[in-house]
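Peer 1: Starting from these lines, generate the structure:
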Amino acid sequence: MSPQFVFRSAGRTHRGVVRKNNEDAILALDAPKLWAVCDGLGGHAKGEIASAFIMEMLSLNAAHDPAQSRQQEIGEILRDANLELCRRNVAEAPQNAMGSTVAALAVDGGEFFCWWAGDSRIYRLRSNSFTALTHDHRYVQALLDAGELSEAEAASHPQRNVVTRAMGIEPALTIDRSQGTVEIDDIFVLITDGISAVLSDDEMAQTIRAEDLEPAADRIVNLCLQRGAPDNLSLVLVRASAAD
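Peer 2: Numbers count the residues shown, from 1 in each chain. Below you'll find the predicted structure:
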């Protein structure tokens, strides 16, 4: 028999030190086992509206329909949200389109599923292994993948913040997916780029290993703020524990 899990999460979002408003949004629904982060695109008007709308769509449809697979269900919600954002952009302000990244995590039985568009990320901490479950849709990521840039060059590239895929920009959006099995004591980490641009993977992993979820989330936010937090920053930490 596969193990039964209970999930507990801690979520934080902050506008950072430089930005005047917060275009990020988070979702942490432990009972329906659905978590997400979004980053409204700073170069687009109404980014905070786009990110909030995606979270609203996910939360309104959080209850699992047993007639559908979980991966099909969430995929359809995100596709519908993307099409609605595109429709609004055409109808209301095509010259100032709103958009958002998204990274969503759901669990069904002993399986986890990830969906993402843009550079918000999902990691899994399992024992001593901190593994990226998503792959950035960024201009510099494509150059890194092609071997045309080093990590150091990408970190200072003038187009390092340019995303190549996001919700609300193109109707024919491809939302990438990954999946795997859950193990007891897995911790999933969902973050926007306001954190990944400031903290290294090793720093995040060390902080999460050393603390329970709530203080770890606070510590990560405080570290970003101490380093100037030039962007909005958000995270959701999710721990899988054995059911009683």
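
Peer 1: Bridged to the residue nearest to Glu23 when sequence neighbours are not counted, which residues?
Peer 2: Spatial nearest neighbour of Glu23, chain neighbours left out: Gly40 (3.2 Å); criterion: C-beta to C-beta, 6 or more residues apart in numbering. Quick note: C-beta positions are derived from backbone N, CA and C, even for glycine. Following DSSP bridges, Gly40 is listed with bridge partners Ser100.

Peer 1: can you list the weak-confidence ranges in this structure?
Peer 2: For the chain, the stretches with pLDDT under 70 are 1-3, 42-45, 64-67, 93-95, 140-161.

Peer 1: Name the residues of whichever helix in it runs longest that are buried.
Peer 2: Counting residues, the longest helix found in the chain (DSSP state H) is helix 70-92. The neighbour-count check on helix 70-92 (16 or more other C-beta atoms under 10 Å) flags 70-71, 73-75, 77-79, 81-82, 85-86, 88-89 as buried.

Peer 1: Residues touching it, excluding its own?
Peer 2: Helix 70-92 is touched from outside by 34, 50, 53-54, 57-58, 61, 64-65, 68, 97-100, 102, 104, 106-108, 111, 113, 115, 117, 167-171, 173, 175, 177, 179, with contacts defined as C-beta atoms under 8 Å, 6 or more residues apart in numbering.

Peer 1: Could you tell me which of those residues belong to helices?
Peer 2: The helices, defined by DSSP H, take in 50, 53-54, 57-58 from the contacts of helix 70-92.

Peer 1: got the buried residues for stretch 120-127?
Peer 2: Neighbour counts using 16+ other C-beta under 10 Å place 120-126 of stretch 120-127 among the buried residues.

Peer 1: The residue nearest the centre of the chain - nearest residue in space that isn't next to it in sequence?
Peer 2: Closest to where the C-alpha atoms of the chain average out (C-alpha atoms, centre = their mean) is Ala103, at 3.1 Å. Once flanking residues are discounted, Ala103 sits nearest to Ser120: 3.9 Å by C-beta to C-beta, 6+ apart.

Peer 1: for that neighbour, what are its contacts?
Peer 2: 37-39, 101-103, 134, 190-193.

Peer 1: how does it look with 7 Å?
Peer 2: For Ser120, the contacting residues are 37-39, 101-103, 191-193, by C-beta atoms under 7 Å, 6 or more residues apart in numbering.

Peer 1: go on, Arg126?
Peer 2: Contacts of Arg126 by C-beta under 7 Å, 6+ apart are 183, 186.
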